[in-house]
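Visitor: need a structure here:
(one chain, ligands or ions: 1)
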Amino acid sequence: MRLSDRMNNRPKAKLKDVSVRRIWRLFHGYWGQLLAIIGLALVAAVIGLIPPLVMKEIIDKAIPQGSMRLLAVMALLMILLPVLSGVLGVWQNHLNTKVTQGVIRDLGQTLYHNLQRQSMAFFTDARSGEIVQRITGDVQAVQNVVTSLVVSSITQIVVVMTTVCILFALDWKLAIISMIILPLFVLPVKKVSKVRKQLRMETQKVRSDIASQLGESFGISGALLTRIFGRERQQEAEFTAMNQKVMDLELRLNLVGRWFGMATNTLGPLGTAIIYLYGGYSVVTGSMTLGAIVAFAAYQGRLYMPVGTLLNLQVELATALGVFQRIFEYQDMVPDVLEAPDARPLAQVAGRVTYKQVSFAYKPGQYALRDVTFDAQPGEMIALVGPSGAGKSTLIGMIARLYDPTAGVVEVDGVNVRDVQLASLRSQIAYVTQESFLFHATIGDNLRFAKADATLEEMEAACRQAYIHDFIVSLPEGYDTMVGERGHRLSGGERQRIAIARAILKRPRILILDEATSHLDSESESYVQVALEELMQGRTTLVIAHRLSTVLAADHILVIEAGSVVERGTHTELLAVGGLYARLYRTQFAKAVEV
Ligand code: ATP
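Guide: Numbering: from 1, shown residues only. As a prediction, the model looks like this:
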């Protein structure tokens, strides 16, 4: 997949309200600490105002009057004041970090929570690397801005305000002159912000692409595919291109920022030059003392520096808006499978499953299922057969509400699945997929995924039923054996039987089964088959059938074609009809007999 394709292929989400106000709302819950920071900043600002006055006293009084006592007091103040502001600084810094880390933690938490609420539709569209990047990389990327927002904005605003007051108190004319040049530096802010925001967004997008590429090419299946097709070089070239792009973008981002920083840094010398020019003239004409002009110039530094910092901060904030936009996109995603506010828990069901005129479209107008109606009595087995892409997987996903029908109703024991609490519904359903997924953990941990408090005895019983216990205990570490990424340290058949044991442990009333098409060796296959039969005992089962034994054992067979049920009945009835099923039987199932 090319870079541009990857970029276009990201999850859609509504984008609204990426404003500074929304960013401030992240600090909700930290107002107490923010107030403390403001208080500390105020005290520090007031302390910061004293040293120029000390200088003024030394130049205008202590030295001309030859007062050693005053000189000593002023010198002592010069030592004590920085110590005091240093101590306050440490305290303020601690509070800043606490607030920043709190906001970052909250952001990660809300993103994770919202991702867990998403339906399968989201995960089939999104790339896992992108998700990881947004929840870790993007959240980390805004950390600096969050810190600056707290530290810089509060502190600098306080410093600017107190300084402006004292400048006017010292000499209002000089104060106005020193502020005249400020608007010059505000002008480029908007342009610089826009450029940097665009660059930052692009950087984060490419980073997501890198994360996705890494996840895909170094995941087991991707790594295997890469080696089989000998695509290592191409993949490396793709990575190199993206890696280089990040570097280029970061360089441009930095350069734009540096130029702007340089421009604001010239603010100080320019202002000071004007003050000394005008102030020097006032001293010469005797309308101002030398101490006053030195103090004034010192205060002016306290004005220009924070103004420069604030302007930079505004640019940084605008730059980060692009990243916030990506974070808020994920925060605002509304899951398309939602639990009704008045949903009630579903009591233990007998296991009757009813589909009433169910239609479903992944995209508006493109129907994957049309008007599907059937009824499975408790304990019955319904086999679904049909050509590839007919809609079988889509159909079985609706019971556990992996997707919701676009039209029609799915009921369990006569209750619409949309009216009950998701957890209570899903706790009664087990789903054994074609490719059994195991987490990178021990066999025991994987089994406990179905039942967190399962005892060893329970696990062993389930594994015996799934014909995998003997194998597990033959391993040196038994149930504590790590299964490897996605369970790839085990064979396909072993993985499947562990997945079946996991489903048994759940004791579901309804079982959804997607039979593996991959041919295991006949010994494994027969083990899996017997394990599945054990699992189906007494449970309502919907199975996407690929084996002859399954269709023969089914109470009903639904033949699906292009999203519709085109034939239904038992194996013998359907063969007699001589339609699609009969054709499928000859091409698919009869072949299976030979195996
Ligand atoms: P197979 O036996 O090959 O697994 P299936 O009968 O299970 O096929 P489904 O996976 O249900 O078929 O797919 C039904 C149709 O919906 C197909 O045309 C498929 O391309 C389409 N489809 C499946 N998943 C999605 C998706 N996430 N987004 C859009 N279209 C999809």
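
Visitor: Please identify the helix or strand for Ser85.
Guide: helix 68-117 (DSSP states H and E).

Visitor: packing partners for that helix?
Guide: Counting contacts by 3 or more CB pairs under 8 Å, 6 or more residues apart in numbering; DSSP states H and E, helix 68-117 is packed against helix 31-57, helix 139-141, helix 143-148, helix 290-332. For every residue, glycine as well, the C-beta is placed using N, CA and C.

Visitor: so after it, what's the next helix or strand?
Guide: By DSSP H and E, the next helix or strand past helix 68-117 is helix 120-125.

Visitor: Domain boundaries for this structure, per the record?
Guide: Structural domains annotated on the chain: 3-332, 351-428+510-518+538-595, 438-507, as defined by automatic domain parsing.

Visitor: Present these as a markdown table; the columns should include distance to Val528 and mean pLDDT.
Guide: Below are those laid out as a markdown table (distance: least, CB to CB, whole Å; pLDDT from 0 to 100):
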| stretch | distance to Val528 | mean pLDDT |
| --- | --- | --- |
| domain 3-332 | 21 | 83 |
| domain 351-428+510-518+538-595 | 8 | 89 |
| domain 438-507 | 5 | 87 |
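
Visitor: can you redo those as CSV with distance to the ligand?
Guide: Shown next, in CSV, are those (distance: least, CB to the nearest ligand atom, whole Å):
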stretch, distance to the ligand
domain 3-332, 4
domain 351-428+510-518+538-595, 3
domain 438-507, 17
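
Visitor: which one of these lies closest to Val530?
Guide: domain 438-507 (6.0 Å; CB to CB).

Visitor: The helix holding Ser85 to helix 31-57, inter-axis angle?
Guide: Helix 68-117 and helix 31-57 are oriented at 160 degrees to each other (axes from the mean of the first three to the mean of the last three CA atoms, to 10 degrees).

Visitor: so how far is helix 68-117 off the chain centroid?
Guide: Relative to its chain's centre, helix 68-117 lies at 29 Å (CA atoms, centre = their mean, to the nearest Å).

Visitor: how many degrees apart are that helix and helix 290-332 in direction?
Guide: For helix 68-117 against helix 290-332, the angle by the same axes, to 10 degrees is 10 degrees.

Visitor: which residue packs closest to the residue nearest the centre of the chain, ignoring adjacent ones?
Guide: Geometric centre of the chain, nearest residue: Ile135, 3.0 Å, by CA atoms, centre = their mean. Using CB to CB, 6 or more residues apart in numbering and skipping the chain neighbours, the partner closest in space to Ile135 is Leu111 (5.0 Å).

Visitor: Contact partners for that neighbour?
Guide: By CB atoms under 8 Å, 6 or more residues apart in numbering, Leu111 lies in contact with Arg134, Ile135, Val139, Ile327, Tyr330, Gln331.

Visitor: do the same with Asp404
Guide: Ser119, Asp336, Val337, Met398, Arg418.

Visitor: close enough to count as contact, Val99 and His28?
Guide: No: using CB atoms under 8 Å as the test, Val99 is too far from His28 to be in contact (11.4 Å).

Visitor: okay, these two: which has more neighbours?
Guide: Val99 (25 against 9; other CB atoms under 10 Å).

Visitor: what secondary structure does Val543 sit in?
Guide: strand (DSSP: H, G, I helix; E, B strand; the rest coil).

Visitor: partner residues bridging it?
Guide: Ala383, Leu513 (DSSP bridges).

Visitor: Against Leu513, how distant is the closest residue to Ser549 other than its chain neighbours?
Guide: Nearest non-adjacent residue to Ser549, counting by CB to CB, 6+ apart: Gln529, 6.7 Å away. As defined by CB to CB, to the nearest Å, Gln529 lies at a distance of 12 Å from Leu513.

Visitor: Which one's more surrounded, these two?
Guide: Leu513 (26 against 17).

Visitor: I'd say the more buried one and His546 touch.
Guide: No: in this structure Leu513 lies outside contact range of His546 using CB under 8 Å: 10.3 Å.

Visitor: Just list the residues touching Gly322, thanks.
Guide: Lys197, Gln198, Arg200, Met201, Gln204.

Visitor: Please repeat the previous calculation with a cut-off of 7 Å.
Guide: Lys197, Arg200, Met201, Gln204 (CB atoms under 7 Å, 6 or more residues apart in numbering).
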